[in-house]
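Enquirer: following is a predicted model, sequence given first.
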Amino acid sequence: MTRALALAGLPIFALGSAGVSAQSNSELEQLRERIQILEKKLEGAVSTAPELSEDNPYILREGDGLKIGDTTISFGGFIKADMIYGSDGNGTLNGYSIGLPRTFASAAASGTSDWKAGFSARESRISIGTETDDVAGHKLRTYVEMDFNQARTADGNEVVSNSYSPRLRQAYGNWNGWDFGQTYTTFTDLAAMPEILDQGKQAAFIYSAQPMLRYTMAAPGGKLMVALENPEDGFGTTSYDDQSYPDLTARYQIRGKFGFYSIAGLLRNLEDDGAEDTKLAGAVSLSARIPTIGRDDIRMQYSYGALGRYMGLFTYPDVDLGAQAAGKVEPLNVYGATAAYRHFWSPAWRSTVTVSHTEIVDDLEFSPAGTLSYFDSSSSVHANILWSAHKNLILGLEYAYWDFGEIASSSSQQYEQVMASAKMSF
């Protein structure tokens with residue numbers, strides 16, 4: 001650009017000298033010097049001038065975000081509209097979008113089979129991300145994500161306004177391999193998570209988020225992640241006791257053309273000051289996402305140990321509640337397995353079938369008072385069909401079947417649910 005502007009001035013200089021019959025070499029050299037000086041001035045002006053946009057002359061659009069100074073800001077999220085039709089609702093009032101396995105179990109044991117309908121947009125999300133180019137020699141990334149999917153005791157109501165406050169899902173920063181803040185636990189691999197409309201609500205998948213300090217490093221074939229995460233051994237608004245030590249988690253993930261493979265470990269200290277007892281407990285988890293034919297894939301996860309609140313959106317307590325009432329801390333060991341197959345009927349149509357099961361493996365000392373409900377095993381089956389009308393619009397229909405095995409009995413209770421969703425991303 002600068003050279004073109006400079007060369008465009010040559011005819012002007014040439015016209016100015018047209019009246020001179022004989023131009024000396026020294027004059028030509030002076031002309032060249034003047035052009036070189038002009039080029040340098042133009043180069044400096046262009047390199048320091050801001051790149052303008054139609055919206056704001058001081059904001060530079062870059063990729064999917066807006067760049068202000070050295071920081072690029074991006075905005076995202078989605079609107080998710082759900083219609084849920086369940087046998088006896090989902091066991092809770094005012095909570096058609098936040099039903100948990102325990103509340104599904106309550107609906108199953110209600111003794112009725114009345115189907116109830118509910119609508120919700122509470123799973124809709126808003127996210128803000130930033131990336132700063134050079135912070136002490138490394139990129140600094142931050143991410144904040146909110147939704148409105150509060151607990152069933154939230155103040156919102158379905159009578160007039162259906163209004164709910166935003167809820168923090170994730171808030172963390174990443175710098176030089178370190179993660180600071182709240183995000184999904186290191187103990188799980190979301191790459192293996194099945195694609196279902198009722199997100200995360202399989203019987204056995206590990207799906208939780210909490211504050212942590214995590215470091216990620218390169219490892220043969222993939223990466224190794226080690227973290228100190230927020231300890232907790234309560235349920236709902238009830239906490240047994242504050243814990244003395246954080247949960248220690250680690251995950252090794254291999255990623256290649258044959259898929260994702262992970263092995264994870266969890267070490268936690270369970271204690272109760274009232275019982276004057278403490279126990280060190282642990283758990284392991286294996287997961288995989290394996291490509292098959294075309295774009296199809298298989299997703300699997302198996303976990304075993306003192307999983308407690310980590311398992312199936314906190315299906316079980318962390319300790320035997322009956323033993324705790326007797327003054328002892330006894331970790332409750334369980335296992336869980338999930339398998340899913342995703343099939344693409346066409347580039348726009350796909351389906352996922354998911355089977356998931358979890359069960360207590362320890363003998364309950366004070367059965368059934370040792371758990372949060374009447375069951376010691378939980379199984380779920382999900383089947384759906386999704387249509388991607390556009391990358392920003394997904395419409396889907398899903399059927400779910402749950403079976404809850406009663407403690408010390410061969411009987412079980414069942415719950416069914418049909419869910420239709422429209423997910424509009426931005």
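Expert: Okay, I see it.
Enquirer: and the residue nearest to Ser87 when sequence neighbours are not counted, how far is that from Gly86?
Expert: Residue nearest to Ser87 in three dimensions, not counting chain neighbours: Glu416, with 4.7 Å by C-beta to C-beta, 6 or more residues apart in numbering. C-beta: built from backbone N, CA, C; applies to glycine. Glu416 sits 7 Å away from Gly86, going by C-beta to C-beta, to the nearest Å.
Enquirer: do the same with Thr315
Expert: If you go by C-beta to C-beta, the gap between Thr315 and Gly86 works out to 18 Å.
Enquirer: residues touching Ala218, list them.
Expert: By C-beta atoms under 8 Å, 6 or more residues apart in numbering, Ala218 lies in contact with Leu224.
Enquirer: rerun that using 10 Å as the cut-off
Expert: Residues near Ala218 by C-beta atoms under 10 Å, 6 or more residues apart in numbering: 177, 224.
Enquirer: do Val353 as well
Expert: Listed by C-beta under 10 Å, 6+ apart, the contact partners of Val353 are 194, 196, 339-343, 381-384.
Enquirer: only the buried residues of whichever strand or helix holds it, if you could.
Expert: Assigned by DSSP states H and E, Val353 belongs to strand 349-360. Neighbour-count burial for strand 349-360 flags 350-352, 354-360 (criterion: 16 or more other C-beta atoms under 10 Å).
Enquirer: reformat these as TSV; add pLDDT and distance to Ala108.
Expert: Output for the buried residues of strand 349-360, formatted as TSV (pLDDT from 0 to 100; distance: C-beta to C-beta, whole Å):
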residue	pLDDT	distance to Ala108
Arg350	98	29
Ser351	98	26
Thr352	98	23
Thr354	98	19
Val355	98	18
Ser356	98	16
His357	98	16
Thr358	96	15
Glu359	95	16
Ile360	93	18
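Enquirer: low pLDDT regions in the chain?
Expert: The chain contains residues with pLDDT under 70 at 1-25, 27-28, 31-32, 34-64, 89-98, 151-155, 234-242, 273-275, 365-369.
Enquirer: where do the helices sit along it?
Expert: 2-8, 10-16, 25-48, 101-108, 321-325 (DSSP state H).
Enquirer: quick revisit: the inter-axis angle of the strand holding Val353 versus helix 101-108?
Expert: 90 degrees (axes from the mean of the first three to the mean of the last three C-alpha atoms, to 10 degrees).
Enquirer: identify the neighbouring strands of strand 349-360 in the sheet and state each direction.
Expert: Sheet pairing here is set by DSSP bridges, and for strand 349-360 it gives strand 334-344 (antiparallel), strand 375-390 (antiparallel).
Enquirer: from the centroid of the chain, which residue is nearest?
Expert: Among the residues of the chain, the one closest to the centroid is Tyr184, at 6.2 Å (C-alpha atoms, centre = their mean).
Enquirer: if we can go back for a sec, drop anything exposed from the contacts of Val353.
Expert: Buried among the contacts of Val353 (16+ other C-beta under 10 Å): 194, 196, 339-343, 381-382, 384.
Enquirer: what residues of stretch 269-288 count as buried?
Expert: Going by neighbour count (16+ other C-beta under 10 Å), the buried part of stretch 269-288 is 269-272, 275, 277, 279, 281-283, 285-288.
Enquirer: ugh, typo on my part, it should be stretch 383-393
Expert: Of the residues in stretch 383-393, those buried (16+ other C-beta under 10 Å) are 384, 386, 388.
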